[in-house]
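Enquirer: What follows is a predicted protein model with its sequence.
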Amino acid sequence: MKDAMVGGYDPKIALTDKGKAEAEAEACGRRIKEMIEKDGDDWKVYFYVSPYRRTIETLQQLGPAFERKRISGMIKEPRLREQDFGNFQDRERMRVEKTMRTLYGRFFYRFPNGELQLIIENETGFRETLRAAIDNGRFQPPGDRNQNTNVVIVSHGLTLRVFLMRWYKWTIEQFERLNNLGNGDMIVMEKGYGGRYSLLVHHTEEELREFGLTNEMLIDQEW
């Protein structure tokens, strides 16, 4: 995907033919549905999606796993956009910039004409919006309140890591340890007693360690 983005305008980049052929999003949609169905038959799903073309196409492949009656709604959320790596990307320049980012630190490094601080501010704001929507029952139509409504966020690797950082109040050092999710991968937060959300319900400790969580971060995931 990154090679396809070089020299292009990032928001308009489509899924690659390879990505479409491998049907990773379709498989992800089926996995999400199978996971939700284990909680019973009375459930709904609500989608948030980045407005970038490739994430919308991902949702278009993922969505058919769900019957229409199961979908409460969908919103294109600008705050889920990807970090800008600069207006136009030169392959060699990007290689140098990414090497420098590794040395300098992913949290603090700034790409020329790109931004990370905006992503951090966006995800902080989106977290508050999402919490309020959950608490206020936004995902259920009037007169059709369903407590078993599941939110699916279709976004980008860095954006999702920043979202998790802001949600769980991880430090910069903890954020720097996190690895990017692969195409079609997902990470699942589940609400437990007391309203706390944990990653340990649907992921093993080994999986979360591979993602980058430390012992301290894992302990915080326990209900």
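Expert: That came through fine.
Enquirer: and for stretch 118-134, what are the contacting residues?
Expert: 48, 77-81, 83, 138-139, 151, 158-159, 162-163, 165-167 (CB atoms under 8 Å, 6 or more residues apart in numbering). Using the backbone N, CA and C atoms, a C-beta is placed for each residue, glycine as well.
Enquirer: now those: which count as buried?
Expert: 48, 77, 79-81, 83, 139, 158-159, 162-163, 165-167 (16 or more other CB atoms under 10 Å).
Enquirer: Among the residues you listed, show me the least confident.
Expert: Ranked by pLDDT, those bottom out at residue 83 (63).
Enquirer: Just the ones in helices from the contacts of stretch 118-134, please.
Expert: 158-159, 162-163, 165-167 (DSSP state H).
Enquirer: Rebuild the residues you listed as JSON lines, extending it with distance to residue 69.
Expert: Converted to JSON lines, the ones in helices among the contacts of stretch 118-134 look like this (distance: CB to CB, whole Å):
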{"residue": "158", "distance to residue 69": "34"}
{"residue": "159", "distance to residue 69": "30"}
{"residue": "162", "distance to residue 69": "34"}
{"residue": "163", "distance to residue 69": "29"}
{"residue": "165", "distance to residue 69": "35"}
{"residue": "166", "distance to residue 69": "33"}
{"residue": "167", "distance to residue 69": "30"}
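Enquirer: any idea which of the residues you listed is closest to residue 63?
Expert: Of all the ones in helices among the contacts of stretch 118-134, residue 159 has the smallest distance to residue 63: 19.8 Å, by CB to CB.
Enquirer: Provide a list of residues in contact with that closest one.
Expert: Contacts of residue 159 (CB under 8 Å, 6+ apart): 50, 80-83, 119, 122-123.
Enquirer: okay, now residue 210: neighbour count?
Expert: 11 (other CB atoms under 10 Å).
Enquirer: Sorry, slip of the keys, the one I care about is residue 194.
Expert: Neighbour tally, residue 194, other CB under 10 Å: 6.
Enquirer: try residue 182
Expert: Counted with other CB under 10 Å, residue 182 comes out at 9.
Enquirer: can you confirm it is in a helix?
Expert: No. Residue 182: not assigned to a helix; according to DSSP: H, G, I helix; E, B strand; the rest coil it is coil.
Enquirer: quick check: angle from the longest helix along the chain to helix 157-168?
Expert: As assigned by DSSP H, the longest helix anywhere in the chain is helix 117-136. Angle, helix 117-136 to helix 157-168, by axes from the mean of the first three to the mean of the last three CA atoms, to 10 degrees: 50 degrees.
Enquirer: How far off centre is helix 117-136?
Expert: From the chain centre to the centre of helix 117-136 is a distance of 13 Å (CA atoms, centre = their mean, to the nearest Å).
Enquirer: Repeat that for stretch 31-50.
Expert: The answer for stretch 31-50 is 16 Å, by CA atoms, centre = their mean.
Enquirer: end to end, how far does that stretch reach?
Expert: The first residue of stretch 31-50 is 21 Å away from its last residue (CA to CA, to the nearest Å).
Enquirer: and for that stretch, what are the contacting residues?
Expert: 55-56, 58-59, 62-63, 65-66, 70-77, 80-82, 130, 139-140, 146, 148-156, 159, 186, 188, 202.
Enquirer: Right, I'll leave it there.
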